[in-house]
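Student: how would this look folded up:
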Amino acid sequence: MVWGGISTRLRTPLYHVMGNLTGVRYQNEILQPLVVPALQAIGPRAILQDDNAPPHRSSAVNTFIQQARVNRMLWPANSPDLNPIEHMWYELCRRVQQHHPPPANLGQLLQWLQQEWNGVPRAFIYMQPDPLHAPTMC
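Tutor: Next up, the predicted model:
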């Protein structure tokens, strides 16, 4: 699994999550080193949009979010997943699948993912896809 964050101004580095992502790992490996600096770079009006994945909603993460004064978008349970990152994941997958032959190993796959993640133009992030024609995951 990989994790990444986007905004119209910047994108975080792509992070390879090895094993199960717990709330504590999400806080220590993603929120502290990647999300908080990105939100600070955006400015005081930045809002974190995550989803209701269990690691995102653990008590440790909720406490950290409050202490770090991170503005978080409310995300109702069972809501449709209209998060713009879903379109980025589709684009990343599409780009990696264009490599031939397929990756020989996990290291090569991760290298291609990072390369393609960095190569997606900022203009792609600005696009507002039609929710009725949203891409399916690959």
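Student: secondary structure element for residue 70?
Tutor: Secondary structure assignment for residue 70, by DSSP states H and E: no helix or strand.
Student: neighbours around the closest residue to it other than its chain neighbours, how many?
Tutor: Once flanking residues are discounted, residue 70 sits nearest to residue 48: 5.4 Å by Cβ to Cβ, 6 or more residues apart in numbering. Yep, even glycine has a C-beta here, placed from its N, CA and C like the rest. Residues lying near residue 48 (other Cβ atoms under 10 Å) number 17.
Student: now do the strands in the protein.
Tutor: 2-3, 15-16 (DSSP state E).
Student: go ahead and confirm residue 23 touches residue 60.
Tutor: Yes. Counting by Cβ atoms under 8 Å, residue 23 does reach residue 60; the two are 4.8 Å apart.
Student: higher neighbour count, these two?
Tutor: Counted by other Cβ under 10 Å, residue 23 and residue 60 do not tie: residue 23 has more neighbours, with 20 against 16.
Student: and the more buried one, what does it touch?
Tutor: 54, 55, 56, 57, 58, 59, 60, 61 (Cβ atoms under 8 Å, 6 or more residues apart in numbering).
Student: nearest to residue 9 among those residues?
Tutor: residue 56 (22.0 Å; Cβ to Cβ).
Student: pLDDT wise, what is the residue nearest to that closest one when sequence neighbours are not counted at?
Tutor: The shortest distance from residue 56 to any non-neighbouring residue, by Cβ to Cβ, 6+ apart, is to residue 50 (4.5 Å). If you check residue 50, the pLDDT there is 88.
Student: quick one: contacts for the residue nearest to residue 70?
Tutor: With Cβ under 8 Å, 6+ apart, residue 48 has these contacts: 35, 39, 65, 70, 71, 72, 73.
Student: and it, how far from residue 71?
Tutor: Distance of residue 48 to residue 71, given as Cβ to Cβ, to the nearest Å: 7 Å.
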